[in-house]
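Asks: here's my sequence, what's the structure:
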Amino acid sequence: MTWTWLAVAFLIVLAATGMTTGLVLRLLRRHAILDHPNHRSNHAVPTPRGGGLAVIGILLPAWTIIALGTDASPALAAVLVGALLLAAVSWIDDLRRLGPAVRFAAQLVAVILGLAMMGGAEPVFQGYLPLWLDHLAAALLWLWFVNLFNFMDGIDGMAGTEAACIGGGVALIALITSWPGAAAPLGLTLAAAAIGFLLWNWPPAKLFLGDVGSVPLGYLLGWLLLEVSASGAWAVALILPAYYLTDATWTLLRRLSRGERIFEPHAQHFYQQAVRNGLGHAQVMRAVLIANLVLILLALGAARGEPVAGVLGAAATVALLLRYLSRERRAEAAS
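Replies: Just a heads-up that it's a prediction; the model follows:
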């Protein structure tokens, strides 16, 4: 697979997603499919919701072409079916709000489908667990990642930036270290779709991703990271999403400790509180983007033989980011 082929694929997906998002925006406005502000919102005016129709509508065909034309994992076909299922259920949820049981059931079916097709692959946890426990742990992590990706999609540009950085990071590291398989084109096209969407979603956002985008995107990214870990690059799979993992998990644990209902919507993530206390969406996103670029460099170092140093560096990077967001909140509250 040549660099020229990858560059062309990137540009086609980027342009197609950008143009399709514009068309979807017009349809959402015409049919008044809007996200109305409430006490938890970080936006002040009704904003179209459902931009994920464009992202997933371009990304799934792109990944299908890659699957047919490269040495992709045999699980990829099942993952594409799972992502389509989640997109359909999530779109219905965007329109009429399904119960958490229905949403979770669809996610569970999609994860089991993907893992069933990975049966003969290398264990995700490097052989340290029995195969049945390896698959169980992978399923739980995948389910959590799908949900945390959805939970973290709460301000302009957040989900698109994270998807672009994780996908782009996987692609860059795969190319530099000559990973076999289709990690490079899969990650690169995912990053292209995310950037195409960001043209419309970067602060101030003209439309939101919606569950139809964030849920299947989290599912596809979760599978890609599991594949990376199964190939032996466990540190890369841990470092690239480190900010999302930390913010979402820490917030969940805090809510559990207070006895709150964790399935109810809230606005307690670090980035949400920073916005509420004075930081603009663009300021938060610039900080998150800078941290993610550092994480990509640390993941590259981990892939080239320094996994422990990479993980420690990632921990320090995320801690500094969270401290920055928290310090801004404290400063705003004090003033």
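Asks: what comes into contact with stretch 287-304?
Replies: With contact meaning Cβ atoms under 8 Å, 6 or more residues apart in numbering, stretch 287-304 is reached by 158, 161-162, 165, 168-169, 172-173, 176-177, 233, 235-236, 239-240, 242-243, 271, 309-311, 313-314, 317-318, 320-321, 324-325. The way it works is simple: take the backbone N, C-alpha and C, and place the C-beta from them, glycine included.
Asks: now find how far off-centre the helix or strand bottoming out on mean pLDDT in the chain is within its chain.
Replies: The weakest-scoring helix or strand in the chain, judged by mean pLDDT, DSSP states H and E, is helix 307-334 (a mean of 82). Remark: helix 307-334 is offset 20 Å from the chain centroid, using Cα atoms, centre = their mean, to the nearest Å.
Asks: ok, stretch 111-128 next?
Replies: On Cα atoms, centre = their mean, the centre of stretch 111-128 falls 20 Å from that of its chain.
Asks: with stretch 176-183 instead?
Replies: That offset, for stretch 176-183, works out to 21 Å (Cα atoms, centre = their mean).
Asks: stretch 163-170 now?
Replies: With Cα atoms, centre = their mean, you get 9 Å for stretch 163-170.
Asks: same check, this time on stretch 200-219
Replies: 10 Å.
Asks: quote the end-to-end distance of that stretch.
Replies: Stretch 200-219 has an end-to-end distance of 22 Å (criterion: Cα to Cα, to the nearest Å).
Asks: buried residues in that stretch?
Replies: 200-203, 205-219 (16 or more other Cβ atoms under 10 Å).
Asks: stretch 98-108 too?
Replies: In stretch 98-108, counting by 16+ other Cβ under 10 Å, buried: 98, 103, 106-107.
Asks: make CSV from the residues you listed and add pLDDT and distance to residue 77 to it.
Replies: Shown next, in CSV, are these (pLDDT from 0 to 100; distance: Cβ to Cβ, whole Å):
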residue, pLDDT, distance to residue 77
98, 89, 26
103, 95, 24
106, 97, 18
107, 97, 19
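Asks: where in the chain is pLDDT low?
Replies: Within the chain, the segments meeting pLDDT under 70 span 1, 38-44, 119-122, 262-265, 328-335.
Asks: could you redo the last one with a cut-off of 80?
Replies: When residues are selected by pLDDT under 80, those of the chain lie in 1-2, 36-44, 71-74, 118-122, 126-127, 180, 261-267, 327-335.
Asks: please enumerate the helices of it.
Replies: With DSSP state H as the criterion, the chain has helices at 3-30, 52-69, 76-96, 100-117, 131-151, 158-177, 183-201, 211-230, 234-239, 242-257, 270-276, 281-303, 307-334.
Asks: so for residue 123, which of the ones you listed sits nearest?
Replies: Checking the helices of the chain against residue 123 by Cβ to Cβ gives helix 131-151 as the closest, at 4.4 Å.
Asks: how many neighbours does residue 259 have?
Replies: Residues within reach of residue 259, counting by other Cβ atoms under 10 Å, total 7.
Asks: do residue 286 as well
Replies: Residue 286: 15 neighbours (other Cβ under 10 Å).
Asks: so who does it touch?
Replies: Going by Cβ under 8 Å, 6+ apart, the list of residues near residue 286 is empty.
Asks: ok, residue 125 next?
Replies: 134, 137-138, 229, 234.
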